[in-house]
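Q: I'd like to go over a predicted model; first the sequence, then the structure.
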Amino acid sequence: MSIQVNNITKLYGNQKALNNISFEVGSNEIVGFLGPNGAGKSTMMKILTCYIPPSEGTAKVCGFDINTQSIEVRKQIGYLPEHNPLYLDMYVKEFLEFVGGIYKIKNIKSRVKDMIEMTGLQIEQNKKIGALSKGYRQRVGLAQAIIHDPKVLIMDEPTTGLDPNQLEEIRGLIKALGKEKTVMLSTHIMQEVEAICDRVIIINKGEIVANDETKNLQKNTTKQIITVEFDKEVSEKLIQKINNIDGVKFLQGNTWLLSSTSKDDVRKDIFNFAVANNLSVLTLNKEEQKMEDVFKELTKK
């Protein structure tokens, strides 16, 4: 395992930011680390990157202990924090050469050139970082995080400030990196999770509430969303009488969006309702749950 977290607890005074957290992340795996604001995501990432120590428990990165081998841990990790710390008065190439020098990289100019091409910084490479847009600053942050070719990449909100075209490019880069490295990222963009993550860990109030493959979480959520179109006009009051239906929303014409938390498939209840009320069902679609719905369900309990 590239990352092993064992019973990590973090206290800030009397506040418990993390409560006995344990999980593992395998090699060449892209894992989304999700949770509401204040759930403990950034704290966990700072512990893994040895910026802050845990109050209890331990973790290993590529076999090195964060408490006793922090220097070795840092050599294995590329880190892009939420608030991207850059030297704004330095030029892009100058900054990347500076970072490469810290890591004592050989053939530094060739490596910087590769990073600039990989992160799409060619047009901006001769500008001062302070003159760049937020999106391009994120690219510089990502370039510095991978310049030493780390085995583990940890990113806190990596696509903040990117336009739709940049989003697509950076997501593609993260997916490509995930074929060779372990990637752990936090984000509030659920489409991003669906697009690039193999697995999702959801944390809420300092505790893990889900740890599974993205497709399994979407499949196993208890909420069902059904779109149904009848051949005749039906009142909302009548539709609310369908067994096991919790939510009713009118869409258009004779089409309704229904929701249910029943464990049983409610499509048979809708069909029985139609037969009992002399209605024909023109369309009946059960939608796959989106990660946004799964996230809301797990973090509002």
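A: Looks like it came in fine.

Q: Tell me who's in contact with residue 152.
A: Residues in contact with residue 152 (C-beta atoms under 8 Å, 6 or more residues apart in numbering) are 2-3, 61-62, 76-78, 181-184. Using the backbone N, CA and C atoms, a C-beta is placed for each residue, glycine as well.

Q: And it, how far from residue 16?
A: In this view, residue 152 and residue 16 are 26 Å apart by C-beta to C-beta, to the nearest Å.

Q: Then residue 112?
A: For residue 112, the distance to residue 16 - C-beta to C-beta - is 43 Å.

Q: Which one of those two is surrounded by more residues?
A: Between residue 112 and residue 16, counted using other C-beta atoms under 10 Å, the more crowded position is residue 112 (24 against 16).

Q: sec struct for the more buried one, please.
A: helix (DSSP: H, G, I helix; E, B strand; the rest coil).

Q: where does it land on pLDDT?
A: Per-residue pLDDT puts residue 112 at 96.

Q: close enough to count as contact, it and residue 100?
A: Yes. At 6.2 Å, residue 112 and residue 100 qualify as touching, with contact defined as C-beta atoms under 8 Å.

Q: what about the stretch 51-200 of the chain, any weak spots by pLDDT?
A: Along the stretch 51-200 of the chain, no part satisfies pLDDT under 70.

Q: all strands of this structure, in order?
A: 3-12, 15-25, 30-34, 56-61, 64-65, 77-80, 152-156, 182-186, 199-204, 207-213, 224-230, 247-252, 255-260, 281-287 (DSSP state E).

Q: Columns distance to residue 141 on top of these, output as TSV?
A: Listed next are the strands of the chain as TSV, based on distance: least, C-beta to C-beta, whole Å:
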stretch	distance to residue 141
strand 3-12	21
strand 15-25	21
strand 30-34	18
strand 56-61	20
strand 64-65	24
strand 77-80	5
strand 152-156	9
strand 182-186	13
strand 199-204	23
strand 207-213	27
strand 224-230	37
strand 247-252	41
strand 255-260	40
strand 281-287	37
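
Q: And those: which comes nearest residue 132?
A: Closest to residue 132 of the strands of the chain is strand 77-80 (C-beta to C-beta; 15.3 Å).

Q: send the alpha carbons of the closest one over as PDB?
A: Only the C-alpha atoms of strand 77-80 are listed here, as PDB (Å, rounded to 0.1, in the frame of the first residue of the first chain):
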ATOM      1  CA  ILE A  77       5.100  13.000  -1.900                       C
ATOM      2  CA  GLY A  78       4.100  15.700  -4.300                       C
ATOM      3  CA  TYR A  79       1.800  18.200  -2.500                       C
ATOM      4  CA  LEU A  80      -0.600  20.800  -3.900                       C
END
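
Q: Starting from that strand, tell me which strands it pairs with and how they run.
A: The strands beside strand 77-80 in its sheet (DSSP bridges) come out as strand 152-156 (parallel).

Q: Give me the neighbour count for the nearest residue to residue 127 once chain neighbours are set aside.
A: Leaving aside its chain neighbours, residue 127 sits nearest to residue 92 (6.2 Å; criterion: C-beta to C-beta, 6 or more residues apart in numbering). If you count neighbours by other C-beta under 10 Å, residue 92 ends up with 27.

Q: what does residue 62 give?
A: The burial count for residue 62: 19, using other C-beta under 10 Å.
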